[in-house]
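>>> Sequence isn't available, so here's the structure alone:
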């Protein structure tokens, strides 16, 4: 079996490609993130088209039968549709039970204990859009010096505060306290710091920080790093895995910064995995039902590929995928239970259709095989051998 020196795994956060078979369990019937943004006049993705994005099984539209990458449709096995569970499964860890969510806010006794430990009063404690919650409670937060605590359909405990009232490092300290408290039955996937600035209606700043629950078992990151290979995090990957198994990290301020840092990594002679999350698709556009903005962002990624693909070496492997959907055309502003795309490209890869895969974890098994590491107790079935060019 051929082995690769460098693997680039890029997650286009929330780029779903159509409702999953169990979408009704999540009230996501009819969701199709890619289908929604393809209707925008801002959508121009010739590189993704050439790789084979629109040739994937189930993707709506005319099929041409020609593509340069191996393609597959990925189905999520884990019971959830959030960032944490999606990335964990991509990394070989399936979550049979959903992480806890709080459609009516967090229990009063939990909030009271949080107030006592941090020394700050809590405002809101309801599910809210991140932009709407600071419009509603931002002025009160500045007046009272409290913390805006809110959640969503995801397993998250989010804390917002104006940077001029509560410095960012202090906000992070409060998030660390929440992370210590939120374990067991209240073990949410992420505690998220959401600093904002300016005057009403306020603007969220780029100093968001995620404090994730530690993965309960080994992932491909642990297995790779244990073998002395590089495991490089670009974007919020480090936070999603609570740093577990990661040897080097670079935070990003958005998609453009993430793409720039990934391009720089292509110039480095590392040996292992560069794991990238591009968050703007989800954070700025999916959750805000901004179809044109989402389409523009994907078009910008597509244009970036024009310069990135030529940087790939003969022993490099590129995989592009997503962690869930977030259809910007539905009334909901939450994530959607969708299939996700998988494009695998490299000099050694044949342009084959790998059909529909039963788990995101097949990506983990493929990455591990490509880098010559046994998958051990992680799950998933590698599709590498099915996609290699014949000798």
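Looks like it came in fine. Note that the coordinates shown come from a computational prediction; the quantities given were computed from them, not determined experimentally.
>>> Could you use CA atoms for every contact and neighbour count after this?
OK.
>>> quick one: the strands in this structure?
Along the chain, counting by DSSP state E, strands occupy 6-12, 70-74, 122-127, 147-151, 156-162, 190-197, 203-204, 209-212, 230-234, 248-250, 272-278, 316-321, 340-345, 353-357.
>>> Which of these sits closest to residue 88?
For residue 88, the closest of those is strand 209-212, at 11.4 Å, according to Cα to Cα.
>>> In terms of secondary structure, what does that closest one contact?
Using 3 or more Cα pairs under 8 Å, 6 or more residues apart in numbering; DSSP states H and E, the elements in contact with strand 209-212 are helix 168-181, strand 190-197, helix 237-240.
>>> Need those in a markdown table (columns: distance to residue 141).
Formatted as a markdown table, these follow (distance: least, Cα to Cα, whole Å):
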| stretch | distance to residue 141 |
| --- | --- |
| helix 168-181 | 13 |
| strand 190-197 | 11 |
| helix 237-240 | 26 |
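>>> Residue 232 is in contact with residue 275, isn't it?
Yes - using Cα atoms under 8 Å as the test, residue 232 is close enough to residue 275 to be in contact (5.9 Å).
>>> hmm, back to that, is it possible to get a markdown table of the helices and strands packed on strand 209-212 that adds mean pLDDT, distance to residue 328 and mean neighbour count?
Listed next are the helices and strands packed on strand 209-212 as a markdown table, based on pLDDT from 0 to 100; distance: least, Cα to Cα, whole Å; neighbours: other Cα atoms under 10 Å:
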| stretch | mean pLDDT | distance to residue 328 | mean neighbour count |
| --- | --- | --- | --- |
| helix 168-181 | 98 | 29 | 18 |
| strand 190-197 | 97 | 22 | 24 |
| helix 237-240 | 95 | 23 | 24 |
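>>> out of the ones you listed, which comes closest to residue 4?
Going through these one by one, with Cα to Cα as the measure, helix 237-240 comes closest at 21.8 Å.
>>> can you list contacts of that closest one?
Applying Cα atoms under 8 Å, 6 or more residues apart in numbering, the external contacts of helix 237-240 come out as 83-84, 87, 190, 209-213, 244, 246, 249, 275-277.
>>> For residue 109, state which of the residues you listed is nearest.
Checking these against residue 109 with Cα to Cα, the nearest one is residue 190 at 19.7 Å.
>>> ok, back up a step: lowest-confidence stretch among the strands of the chain?
The stretch with the lowest average pLDDT out of these is strand 209-212, scoring a mean of 91.
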